[in-house]
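Visitor: Give the three-dimensional model of this entry:
(chains A, B, C, D, E, F, G and H, ligands or ions: 12)
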Number of protein chains: 8
Amino acid sequence: TIAQLDTHRELRHGFPEVILAQGKKFAHLNAITSRALNHKRNLLITRIGKKRAAKLLANHPQLTHHPLPRCVTWQPTANQPNIGLVAVLCAGTSDLAVAEEAALTARMLGAQVETHYDAGVAGLHRLLAASTLLQTARVFIVVAGMEGALPSVVGGLVDRPVIAVPTSQGYGASLGGIAALLGMLNSCASNVTTVNIDNGFGAGYVAALINRTSMP
Amino acid sequence: TIAQLDTHRELRHGFPEVILAQGKKFAHLNAITSRALNHKRNLLITRIGKKRAAKLLANHPQLTHHPLPRCVTWQPTANQPNIGLVAVLCAGTSDLAVAEEAALTARMLGAQVETHYDAGVAGLHRLLAASTLLQTARVFIVVAGMEGALPSVVGGLVDRPVIAVPTSQGYGASLGGIAALLGMLNSCASNVTTVNIDNGFGAGYVAALINRTSMP
Amino acid sequence: TIAQLDTHRELRHGFPEVILAQGKKFAHLNAITSRALNHKRNLLITRIGKKRAAKLLANHPQLTHHPLPRCVTWQPTANQPNIGLVAVLCAGTSDLAVAEEAALTARMLGAQVETHYDAGVAGLHRLLAASTLLQTARVFIVVAGMEGALPSVVGGLVDRPVIAVPTSQGYGASLGGIAALLGMLNSCASNVTTVNIDNGFGAGYVAALINRTSMP
Amino acid sequence: TIAQLDTHRELRHGFPEVILAQGKKFAHLNAITSRALNHKRNLLITRIGKKRAAKLLANHPQLTHHPLPRCVTWQPTANQPNIGLVAVLCAGTSDLAVAEEAALTARMLGAQVETHYDAGVAGLHRLLAASTLLQTARVFIVVAGMEGALPSVVGGLVDRPVIAVPTSQGYGASLGGIAALLGMLNSCASNVTTVNIDNGFGAGYVAALINRTSMP
Amino acid sequence: TIAQLDTHRELRHGFPEVILAQGKKFAHLNAITSRALNHKRNLLITRIGKKRAAKLLANHPQLTHHPLPRCVTWQPTANQPNIGLVAVLCAGTSDLAVAEEAALTARMLGAQVETHYDAGVAGLHRLLAASTLLQTARVFIVVAGMEGALPSVVGGLVDRPVIAVPTSQGYGASLGGIAALLGMLNSCASNVTTVNIDNGFGAGYVAALINRTSMP
Amino acid sequence: TIAQLDTHRELRHGFPEVILAQGKKFAHLNAITSRALNHKRNLLITRIGKKRAAKLLANHPQLTHHPLPRCVTWQPTANQPNIGLVAVLCAGTSDLAVAEEAALTARMLGAQVETHYDAGVAGLHRLLAASTLLQTARVFIVVAGMEGALPSVVGGLVDRPVIAVPTSQGYGASLGGIAALLGMLNSCASNVTTVNIDNGFGAGYVAALINRTSMP
Amino acid sequence: TIAQLDTHRELRHGFPEVILAQGKKFAHLNAITSRALNHKRNLLITRIGKKRAAKLLANHPQLTHHPLPRCVTWQPTANQPNIGLVAVLCAGTSDLAVAEEAALTARMLGAQVETHYDAGVAGLHRLLAASTLLQTARVFIVVAGMEGALPSVVGGLVDRPVIAVPTSQGYGASLGGIAALLGMLNSCASNVTTVNIDNGFGAGYVAALINRTSMP
Amino acid sequence: TIAQLDTHRELRHGFPEVILAQGKKFAHLNAITSRALNHKRNLLITRIGKKRAAKLLANHPQLTHHPLPRCVTWQPTANQPNIGLVAVLCAGTSDLAVAEEAALTARMLGAQVETHYDAGVAGLHRLLAASTLLQTARVFIVVAGMEGALPSVVGGLVDRPVIAVPTSQGYGASLGGIAALLGMLNSCASNVTTVNIDNGFGAGYVAALINRTSMP
Ligand SMILES: Nc1ncnc2c1ncn2[C@@H]1O[C@H](COP(=O)(O)O)[C@@H](O)[C@H]1O
Ligand SMILES: Nc1ncnc2c1ncn2[C@@H]1O[C@H](COP(=O)(O)O)[C@@H](O)[C@H]1O
Ligand SMILES: Nc1ncnc2c1ncn2[C@@H]1O[C@H](COP(=O)(O)O)[C@@H](O)[C@H]1O
Ligand SMILES: Nc1ncnc2c1ncn2[C@@H]1O[C@H](COP(=O)(O)O)[C@@H](O)[C@H]1O
Ligand SMILES: [Mg+2]
Ligand SMILES: [Mg+2]
Ligand SMILES: [Mg+2]
Ligand SMILES: [Mg+2]
Ligand SMILES: [Mg+2]
Ligand SMILES: [Mg+2]
Ligand SMILES: [Mg+2]
Ligand SMILES: [Mg+2]
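Guide: Ligands and ions are numbered 1, 2, ... in the order given. Model (predicted):
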């Protein structure tokens, strides 16, 4: 068998089944999707391009395609609503796809999500404009490419956990996101942890997990 | 002035003042410590070697030295007790210093902490022996050097946030902890975020923050 | 002459002629294939894409194409059957192509091969489900991308040699497989050796060699 | 001859002779210093440790040692006073040595220099406290280790050139200053250029050059 | 909202609005451009390919496309003329696009610009042929790929600031411009600062800033 | 507890307990050694320097110190004699310590070992002088620093498994053994697998495991 | 002007004009070619693809295209015949293009060239078959990808200069030729110098230069 | 035996025996030296520190120590005088040790050597001062650290082979000589080949070899 669906984990977590589309042949992706749909649980497919998404929806019309975050979802079950609020901030317009992947993932896991975009550190007033969000969210997802400085600045402004997501935006010495990643790992703010380059999914997942631990 | 103490942030966070000793001349470190002690708030000094710690304690006898995690503390105020439990696991005996730095930091921030050490993935029974801890902790700090695989395995066993701490333990292609760091950033478990190599402090800090959001 | 066929080595090894298709102009590949076929020995061509395989089969209809492992073979001679069993495990569905290249290579060299796929460390029950295979195989090929942790876990469960194959699956800080490679080189399990990223061929070759030394 | 003193360049620039002490045997350093002193021009020796400085001063008592920036100077001639103001900012107390090397160099080249230290991005109020300096300086030298984010924030606040100096402060993934260097090279602020890690000298030199072009 | 236009910064700087096209979806780029045009200020769009430029001009016919430097501009307002002269030199014909991006940017910011191309260090007479320019410019932008040695040589010939721009020209061990970048960062000339690989824009921007500080 | 001794694995493998001394505080190392000695099984301690070994032997006089391979052993039980022969070859005199660590480890695991040293590829006659060993060994351990070419040459001469061990010998672009490691991972010989830089232990362990599978 | 033709160097060297086509826009390449042809001297254009070569020959029918080494040449003048012999060896069929570029270049510079291909170190007999060439050539160009071991072996067999050319052939940890490059730089043979990855041109050029110094 | 002396190669080359001291235990170094001295041939020991040299000379008083190039030699036989001239140039005073190692090696191999030091590219007049040497030498060794630009400039001035030697001089982004190495590998001068960082020995060896091929 090409794949062992992890339904055990799914039950344990109360979370949707997740499939990483990238790197899978379409036939394999399609077969795994079919099996997952049979479980009648919420489903999130990440890192899927336009063409493969269209082909998959042709076979499984119940699915919904989200082109910007490059995801496909199915939500037969309503989310378990969480109490806390997850904030998703990003530094530039080019980071939108990753930020939206984080937001969609956190929502699929029951979190309330609010976004504030294009608030990079070279124009601080754009960040400070989000002061209500900065004061009320329980967890922050901060997405940035190039030098990846935004999480440090946000980390200094809030006393709650910040999940930093480096993006591959930039060129030359950005090294496909390595510069931003290193910046975030070396953050001088103490409340920052980091996920892989462009891993909006992981950030949304952990943010929702943290948020959920806040429920009474 | 050589340093601007961030008492503002301290009040905001309800957390101790923290000083990173590494990289500071002793005269600067000593002066900053004096000023911090004047604030009569809890104090945590990290990454301080034996000799410098002894010199500092000679000047400030109220301080306590913790040689294994290489920290110095002062706790005039009792911690705000948190409800949740933070688990600190590590892969090998060589990772102890970093694990203890994480545990001490989390405790300084009011968390209840339980540890389980030397539970590397090449002998799974040693991890599974900690099943009660795996089921009860609200946040996990997982410390590992060499290939850094332990956070992925722990991440697959629990449905709560895992903070992965790569250590510089190893030799050759471990590249001073880069191998472990990369492994953790690429974890196939969705609930893992990562901090810098040997950054037990950061992991303990964020774990306590997450834990605190759980308080009613 | 563009190539010196190593028929000497072929006789010495009792193994098939192997051609690495990647990097060769088609005209050269075709000419070398013709010469190899003249030797009437088993032939294995690796890392050959769909289009070039089709063109090659058009010229040499006796060849067989294996699209998933991207190989072309000819087996005029039955394999020397080996007694031992080679296990091929992989972490995720995306690692299948490399795992199948390893399995095909080992079979071409006379090994009995059994596979167990999609058994990554973030869901340990999927690995433990293969307990019979874990107890009976003489050599293990363990294929994994991303953090590449599976070989360490398998290595801890068995007392036989484990050949680790990192794959280029992943993104961002996976660095095209370097993260998995470093993880495997730094394995805390003592029975692990490593081959190049995506080198299913090499792993299958060595596994069959080890397996063959087991024959009475 | 072991060294060709560049008196030509010295005259051309109206600037002091500069000797990089690091990497030179003491005998060579001493001989070059003797020759330079004969020219009766201002002299700046950089990257010289305590012991070698003491030995050099024993031979040449007219020299002055500056231990924090690790420099030795001789100033027989008064500086050509420049009109503009050079601001030197740094992120943390650990960056002081490099910041002071920049300040000393710029002063040796005739610039008026004002400093503002320990103003890292995780506590923005500490930077904003320097608003007069931010408004009046003609050139900014911004020194930072770890994630190196301060130059981007300063760059966004001022409309004058910012010279970013990464330092080797940090540990683990700071890679001896590479993380800070990459951050600065990828700055999203348009007015930032960068010099080598710990190169306070170069930053001070260029800042004074820019400042000088401002003279009527 | 997908983008927060930084009109504040624009006023502050007296400089045009700048949009980095790379990494933005066309719909986003188009929307941001529309908003920027409404401000009736000078506009510079960088790193935009032929096809996207054509599409953008179809929507906004007032724009001008500059294919070699891969830019699009709109200049409703005449530049504030600067007094000083900016020199743009490059090492090889392959560096032209980046050199032209620097020149165009500096001109958009009011600088007088003169260029001298294909003057690499392996044929020094080609550089020395530009002696008038070397003597008269106030700031130098020096663009080079491969080993990136030209800024050091120019830096030794002039007593004014040199902004070094590494390009991604080269192959193999040029590592996409990293070799040139490292060369420039390690320049033995004291008057050299560096920007990101292929960042002609940044170099032109800072050169114009420095040039502007020279105005009476 | 600071360490969980893996006696389970020990029984399973029929192999000695192994302790990696590097990275452990002496107090921890000593305590683990005491516990291991209580098990009355063979013991191998690796990567232990002269001073720590002397201190350990002072506490545990039954131990034997092997200075060249930097190991300490105790062998209360005779080895299970294996039938096959393990060959250990090395390229230069500087690789001796690692080669001896491999040989000692393989012997501790019951293998018959023969060595042939200083047989680097720049003087092929020195390798060919070992033709009997090349024809009779069942497994080859090939240790080399600098360019690490020896395993490829040996791999082409024999039809049995070759375990390549890169060493950190060399300077400059040898990058502490990375050059040799990369060379071995890219070997054009099909029968080569690789272990970590300087990991003589791992190579000896796997060689003995392979050798053992050969027993009737 | 976009390019300054280096006719000075051409006369000095007695060598052809050389144009690196890669990285140049076609219009620029074409203009430079026209000017070069006007000089009526031998011309060598390197790193030019099929399509661009065809377009160039359409404009300049006197040119000759060499598809395998990806060059275009014009030879109005007969070569100055050199006395010595340049040997070009390569490790695998995939290295042919680079080897042929080296051979063509050396011939364009007047050298007598003999080639021996597909003689990688994993089958030494293939190299030893070229013993006459090994004994008679004055300079050796040795081209190899993957682990790049061939130059060390050749270097040990001959007492004349060996120019090593790493190629980008390989995959995974070959890192686009970096593995081979590092191997060659760390060669334990004393008579080896190295050029850039895939730089057959540079190797052929220097080989011909060395060869020429041998003329009476 | 710990070492196989390569007397075969020695005879073949007509060159001295060479021992690389670095990485060898003193006992091994001493034993190899004894054996080499028995051969009564010229002997060159490289990369040997002061203390080990003193110890070695105590045992073997016929040896001569050269502290700057860190070598030990014995020359019972007069050199075979070569006709050609080898030029050794270096960029800065800090590169002297490597330059002297190159000069000593070339002299040990019979070459006539002339040196010209501290002629870095940031002060071109210092290089041009050596015009006679530039016109007369048959081979050039050019030693440089930091950005390593000198070989390209020399390469453009002469029509003979240039051997570039990067040194580990510099700091920060010089990466222990990697920056200089990459610069040299990417030289835009066609007559440059490169050796390992700090490998003065290799450069001197090849230069003498090339020089020797010039003898009638
Ligand atoms: N997929 C592969 N990866 C690495 N090495 C291979 C692969 N396939 C074949 N080889 C090796 O390459 C040799 C053939 O190389 P070539 O002469 O270039 O066809 C074979 O003998 C194998 O040792
Ligand atoms: N700390 C420094 N970092 C980088 N370059 C320096 C430094 N100090 C001096 N230099 C440069 O090195 C030159 C002197 O080098 P040297 O001839 O080796 O003493 C000076 O003219 C400066 O250009
Ligand atoms: N030199 C070595 N290199 C790599 N791994 C080793 C080495 N020595 C021991 N080990 C492994 O480390 C394990 C012991 O680790 P520890 O529990 O930290 O003592 C052993 O079981 C081996 O798997
Ligand atoms: N400084 C050096 N750098 C690189 N290779 C060297 C050096 N000195 C000697 N060698 C080479 O190392 C060989 C001797 O190596 P060994 O047998 O380890 O003494 C000599 O024949 C040279 O080829
Ligand atoms: Mg923006
Ligand atoms: Mg352990
Ligand atoms: Mg899976
Ligand atoms: Mg501070
Ligand atoms: Mg040119
Ligand atoms: Mg040797
Ligand atoms: Mg071949
Ligand atoms: Mg100098």
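
Visitor: And the pLDDT at the residue in chain A that ligand 9 sits nearest to?
Guide: The minimum distance from chain A to ligand 9, using CB to the ion, falls at A:Gly172 (22.0 Å). C-beta here means a position set from N, CA and C on the backbone, and glycine is covered the same way. Residue-level confidence at A:Gly172 comes out at 98, pLDDT.

Visitor: List the residues that contact the closest residue to it other than its chain neighbours.
Guide: Residue nearest to A:Gly172 in three dimensions, not counting chain neighbours: E:Ile197, with 2.9 Å by CB to CB, 6 or more residues apart in numbering or on different chains. Each residue near E:Ile197 by CB atoms under 8 Å, 6 or more residues apart in numbering or on different chains is listed here: A:171-173, E:166-168, E:176-178, E:180-181.

Visitor: Could you check how far E:Ile197 is from D:Gln112?
Guide: Separation of E:Ile197 from D:Gln112 (CB to CB, to the nearest Å): 35 Å.

Visitor: Could you list the buried residues of stretch A:62-76?
Guide: For stretch A:62-76, a neighbour-count test (16 or more other CB atoms under 10 Å in any protein chain shown) marks A:63, A:66, A:68-74 as buried.

Visitor: typo on my end, stretch A:114-125
Guide: Going by 16+ other CB under 10 Å, stretch A:114-125 has these buried residues: A:115-124.

Visitor: cool, and stretch A:127-141?
Guide: A:127, A:130, A:133-134, A:137-141.

Visitor: From the rest of the structure, what touches it?
Guide: Under CB under 8 Å, 6+ apart, the answer for stretch A:127-141 is A:84-89, A:99, A:102-103, A:106, A:114, A:116, A:119, A:121, A:150, A:153-154, A:157-158, A:160-163, A:165, A:200, A:203-204, A:207, A:210-211, A:214, B:213, E:4.

Visitor: Please state the offset of it from the chain centre?
Guide: Chain-centre distance of stretch A:127-141: 17 Å, with CA atoms, centre = their mean, to the nearest Å.

Visitor: show me where chain A has helices.
Guide: With DSSP state H applied, chain A shows helices at A:7-13, A:26-38, A:50-59, A:96-108, A:125-128, A:131-136, A:150-157, A:178-185, A:200-212, listed in chain order.

Visitor: With distance to E:Asn42 and mean pLDDT added, can I get the ones you listed in a markdown table?
Guide: Shown next, in a markdown table, are the helices of chain A (distance: least, CB to CB, whole Å; pLDDT from 0 to 100):
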| stretch | distance to E:Asn42 | mean pLDDT |
| --- | --- | --- |
| helix A:7-13 | 53 | 51 |
| helix A:26-38 | 48 | 96 |
| helix A:50-59 | 36 | 98 |
| helix A:96-108 | 26 | 97 |
| helix A:125-128 | 21 | 93 |
| helix A:131-136 | 32 | 95 |
| helix A:150-157 | 28 | 96 |
| helix A:178-185 | 30 | 98 |
| helix A:200-212 | 35 | 95 |
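
Visitor: Any idea what A:Val113 is bridged to?
Guide: Beta bridges link A:Val113 to A:Val86, judged by DSSP bridges.

Visitor: Who are the contact partners of it?
Guide: A:85-88, A:103, A:106-107.

Visitor: ok, which pair from these is furthest apart?
Guide: Spatially, the most separated pair among those is A:Ala87 and A:Arg107, at 13.0 Å (CB to CB).

Visitor: Which one of those two is surrounded by more residues?
Guide: Neighbours per residue, other CB atoms under 10 Å in any protein chain shown: of A:Ala87 and A:Arg107, the larger number sits with A:Ala87, 25 against 18.

Visitor: Give me the distance between the spatially closest residue to the more buried one that is not a sequence neighbour and A:Leu89.
Guide: Excluding its sequence neighbours, the residue lying closest to A:Ala87 (CB to CB, 6+ apart) is A:Ala137, at 3.6 Å. According to CB to CB, A:Ala137 stands 9 Å off from A:Leu89.

Visitor: ok, the residue most central in space within chain A to A:Ala203 distance?
Guide: The centre of chain A sits closest to A:Ala102, judged by CA atoms, centre = their mean, with a distance of 1.9 Å. Remark: distance between A:Ala102 and A:Ala203 (CB to CB) = 5 Å.

Visitor: shared neighbours, the two?
Guide: Both A:Ala102 and A:Ala203 are in contact with A:141, A:143, A:165, where contact means CB under 8 Å, 6+ apart.
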